[in-house]
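Undergrad: based on what follows, work out the 3D shape:
(one chain, ligands or ions: 1)
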Amino acid sequence: MTAPATHHVAVRDTRLAVHTAGSGLPLLLLHGFPLDHGMWTRQEPLAEQLRLIVPDQRGFGGSSGPVPESMEQLADDAVALLDALHVAGPAVVCGLSMGGYVAQHVAARHPDRVAALILVDTRLEADTPDVRAGRVDLAAKVGRLGQGLVADAMIPRLLAPSPATRSATGRGDIEAELRRMIVSQPVATIQAALAALGARPDMTEAMRKLRAPALLVVGAEDLITPPACMEQAQQVIPESRLLVVPGAGHMTPLESPDVFNAAVLEFLRRPVTP
Ligand code: MLT
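TA: Next up is the predicted model:
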């Protein structure tokens, strides 16, 4: 398999770093908060069958500012990126957590661009007032104390908490990768993204109207968007399948890449609605 190529692409009012590999049906992979394309490295084997398009969303990773303002804006960036890469037909749009919120907006705002939706460790609902208040508090603290504080606060909640999975081989590597990604995100991006996450709308009614087929994946030990969130989404999204992955937390594609990658391929083997 050839290594992914990195491009810098002018997209609307910004420049996005994007990693591409493979050919065939395009699969857009949208990262969670406060991460970047690096969370999808274990999905590279999918490039043997699919055209992987893995951006750093605006302000994150190798993408320059301006900082993110809303999930709608990030969704429009994603579609403009597909245009810039000459992806003419519909793509499979996959997002984890914040990336999942963005993916839902892509499907709602640009339904003709979505062949299928893959929502991973995410939810349809807006924040509760308590969660929103927690984001305001975290944004203030990161301004005073830096990104290390976000890594300390988030990493224990991103990964499966049970003793067996905590001591599993490779867990230390995953924690180190997550820390490296989190501390390298600009403070201004983290603060702006927290505000955008807190302001995002409830997508339940929009997802009730989804016409594309959807695969919903969640770690059985996800503490941030527990399986109940995706069970709820399955009740709402007309053509959806749910996979609950044992032993995974909020970062299922990193924690259980073989199960995740096989589930994506199996889902895409059935005809997808253009
Ligand atoms: C993420 O993983 O993207 C975040 O946990 C999303 C969120 O805080 O809602």
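Undergrad: near the ligand, which residues of the chain? Just list them.
TA: 32-33, 97-98, 197, 224 (CB under 6 Å from any ligand atom). The way it works is simple: take the backbone N, C-alpha and C, and place the C-beta from them, glycine included.
Undergrad: swap in 8 Å and give it another go.
TA: Proximity of the chain to the ligand, by CB under 8 Å from any ligand atom, involves residues 31-35, 96-101, 121-123, 127, 131, 135, 154, 158, 197, 224-225, 250.
Undergrad: which of the residues you listed fall within strands?
TA: Judged by DSSP state E, strands contain the following of the residues of the chain next to the ligand: L96.
Undergrad: of the residues of the chain next to the ligand, buried ones?
TA: Buried members of the residues of the chain next to the ligand, counted by 16 or more other CB atoms under 10 Å: 31-35, 96-101, 121-123, 127, 135, 154, 158, 197, 224-225, 250.
Undergrad: in this structure, where is pLDDT below threshold?
TA: Scanning the chain for pLDDT under 70 picks out 1-2, 271-274.
Undergrad: centre of the chain to the lengthiest helix in it, how far?
TA: Criterion DSSP state H: the longest helix present in the chain is helix 129-145. Its chain's C-alpha centre lies 21 Å from the corresponding centre of helix 129-145 when counted by CA atoms, centre = their mean, to the nearest Å.
Undergrad: show me the contact partners of it.
TA: Applying CB atoms under 8 Å, 6 or more residues apart in numbering, the contact partners of helix 129-145 are 127, 149-150, 153, 187, 190-191, 194-195, 197-198.
Undergrad: for L50, give its distance to C94.
TA: Per CB to CB, to the nearest Å, L50 is found 10 Å from C94.
Undergrad: which residues do these two both contact?
TA: With contacts defined as CB under 8 Å, 6+ apart, the residues shared by L50 and C94 are L27.
Undergrad: what about these two, which has more around it?
TA: Under the neighbour definition other CB atoms under 10 Å, L50 and C94 were set side by side, and C94 has more, 27 against 22.
Undergrad: from G249, how far off is the more buried one?
TA: With distances taken as CB to CB, C94 is found 18 Å from G249.
Undergrad: ditto for E72
TA: Taking CB to CB, one finds E72 at 28 Å from G249.
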